[in-house]
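1. one predicted model, sequence on top.
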Amino acid sequence: MQTDTTPADAPSGTPTGSRVLEHPRRETIRLADVLHALADPMRLRIVCRLAAAEGELNCADIELPVSKSTCTHHFRVLREHGVIQQIYRGTAKMNALRRQDLDDLFPGLIDGILRAADLQAERLGDA
């Protein structure tokens, strides 16, 4: 997987030595990778929460019933597969859905997945 270590929204002149996370370039994001990342219920929960927030959330703002190391794994999979953008702001790792990239590459995919997740939550009484 080819990556760019500079986040798309990183300010120009980011100091050397800043903690920068690797993200796939938009043109390298593949549908199979996105679907794989969204296939896990915890990762789907993260994406639903980020979509509802319509902005950045700290990792700690998204409660998951798993250990911290497992949370870290799920966020990493989402980032490495091009679903989310992560950037450090001070000591906080902020997360945002790469909505525009995903909508441009796979029109309607995220909307359909979010709708299906909502319907499933209602059917199962998780809403």
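-> Yes, it's here.
2. my guess is Gln85 is in a helix, correct?
-> No. Judged by DSSP: H, G, I helix; E, B strand; the rest coil, Gln85 forms no part of a helix; its state is strand.
3. surely it touches Lys93?
-> No. In this structure Gln85 lies outside contact range of Lys93 using Cβ atoms under 8 Å: 10.9 Å. To be clear about C-beta, it is placed using only N, CA and C from the backbone, and glycine gets the same treatment.
4. looking at these two, which one has more neighbours?
-> Gln85 (21 against 18; other Cβ atoms under 10 Å).
5. bridging residues for that one?
-> Ala96 (DSSP bridges).
6. so how far is the longest helix belonging to the chain off the chain centroid?
-> In the chain, taking DSSP state H as the definition, the longest helix is helix 109-124. Put simply, helix 109-124 sits 17 Å off its chain's centre (Cα atoms, centre = their mean, to the nearest Å).
7. do the same with stretch 40-51
-> That offset, for stretch 40-51, works out to 8 Å (Cα atoms, centre = their mean).
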